[in-house]
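Colleague: sequence-free structure coming up:
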């Protein structure tokens with residue numbers, strides 16, 4: 001069955017007016033399709049394969065009683081544990097080997113995600129779900145699994161302390177205590193947005209150009225999000241809270257396409273209304289009284305360097321024709337199909353947001369809504 005994200009993408013692009021924009025789409029590294037167009041099984045990404053190797057090593061290391069107790073204490077103490085720091089404080093040859101493996105894996109993952117080396121440790125460990133706490137007794141030896149690359153996976157592969165693989169159904173939270181290994185998406189997300197912003201700046205896609213008549217000496221007009229909700233954030237129980245961000249696109253006052261990344265760290269869960277009072281658009285940097293918004297959810301396999309390259313290549317081909325044209329199509333067309341199933345997931349988009357937009361705005365794909373209002377930011 002075609003995934004919800006891919007069906008949304010096909011339906012959305014099918015009804016939109018296409019514009020000439022976008023780089024050639026590279027072949028997906030994680031999906032393939034048969035002759036009928038149905039996607040076949042996902043292939044593990046290099047990031048996921050690296051995590052799997054660490055998960056097997058960690059599961060085997062839990063045979064050591066002292067180390068197992070140390071991991072248990074850490075997992076019960078905080079929601080997410082920095083695995084490299086935890087392994088650094090362990091004793092014994094097995095733990096030392098684990099620390100070496102985790103350190104090497106972290107370096108590899110940082111590179112695969114297109115992030116600078118200064119990003120640091122990304123691998124984290126957490127208890128699979130809060131309900132497992134009561135089953136994590138001192139004599140329990142938890143299995144270790146990696147959050148599946150496919151959000152709609154029916155099972156996770158978990159490893160026991162003897163290195164044996166087990167299929168764990170994702171339809172419900174298992175009673176057996178399970179450690180989930182994944183990437184610290186929040187940390188990677190912050191570093192990744194910096195990569196995007198730098199790429200946009202290097203290509204002149206964030207430059208406001210000459211002073212705009214929309215800019216008043218006493219301040220500038222903005223659009224503020226007063227409430228927002230998404231119906232499906234693409235995050236099942238085994239992946240925890242989502243990491244959301246939006247790309248706001250339009251034409252700068254110099255007539256060139258521009259894009260601003262807007263972090264939305266509060267959007268943790270779907271079917272929840274958030275009231276952030278967050279500035280979404282700074283209208284003083286736009287030529288026209290219109291902009292578009294594409295909301296996305298970050299996953300651990302996201303390569304921000306590749307994402308930045310695809311976006312900048314696509315947007316640089318769009319020129320100002322003297323009238324506003326939507327740029328959502330250019331953003332969506334720039335992304336390989338795999339980015340609509342995972343790493344990162346397309347969530348929602350809004351067309352022709354204006355400086356005077358007020359009230360509830362439903363997204364183009366019916367997966368989310370937000371209420372907005374004009375807001376004047378005064379200068380001191």
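Modeller: Thanks, I have it. None of these values were measured; they are calculated from a predicted model.
Colleague: Now for residue 201, how many residues are close by?
Modeller: Around residue 201 there are 11 other residues, counting by other CB atoms under 10 Å. C-beta coordinates here come from the backbone N, C-alpha and C atoms, glycine included.
Colleague: for residue 72, same thing?
Modeller: There are 20 residues near residue 72, going by other CB under 10 Å.
Colleague: can you give me the strands in this structure?
Modeller: 81-82, 123-127, 143-146, 155-159, 165-169, 178-183, 219-230, 244-251, 257-264, 278-282, 290-297, 345-354, 359-362, 368-378 (DSSP state E).
Colleague: Present those as JSON lines; the columns should include mean neighbour count and mean pLDDT.
Modeller: As requested, the strands of the chain are arranged in JSON lines below (neighbours: other CB atoms under 10 Å; pLDDT from 0 to 100):
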{"stretch": "strand 81-82", "mean neighbour count": "20", "mean pLDDT": "92"}
{"stretch": "strand 123-127", "mean neighbour count": "22", "mean pLDDT": "92"}
{"stretch": "strand 143-146", "mean neighbour count": "26", "mean pLDDT": "94"}
{"stretch": "strand 155-159", "mean neighbour count": "20", "mean pLDDT": "92"}
{"stretch": "strand 165-169", "mean neighbour count": "13", "mean pLDDT": "92"}
{"stretch": "strand 178-183", "mean neighbour count": "25", "mean pLDDT": "91"}
{"stretch": "strand 219-230", "mean neighbour count": "19", "mean pLDDT": "95"}
{"stretch": "strand 244-251", "mean neighbour count": "24", "mean pLDDT": "89"}
{"stretch": "strand 257-264", "mean neighbour count": "22", "mean pLDDT": "88"}
{"stretch": "strand 278-282", "mean neighbour count": "20", "mean pLDDT": "95"}
{"stretch": "strand 290-297", "mean neighbour count": "25", "mean pLDDT": "89"}
{"stretch": "strand 345-354", "mean neighbour count": "22", "mean pLDDT": "88"}
{"stretch": "strand 359-362", "mean neighbour count": "13", "mean pLDDT": "96"}
{"stretch": "strand 368-378", "mean neighbour count": "17", "mean pLDDT": "95"}
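Colleague: Can you check which of those gets nearest to residue 47?
Modeller: Nearest to residue 47, of all these, is strand 178-183, at 7.0 Å by CB to CB.
Colleague: Between strand 165-169 and the closest one, find me the angle.
Modeller: Going by axes from the mean of the first three to the mean of the last three CA atoms, to 10 degrees, strand 178-183 is angled at 90 degrees with respect to strand 165-169.
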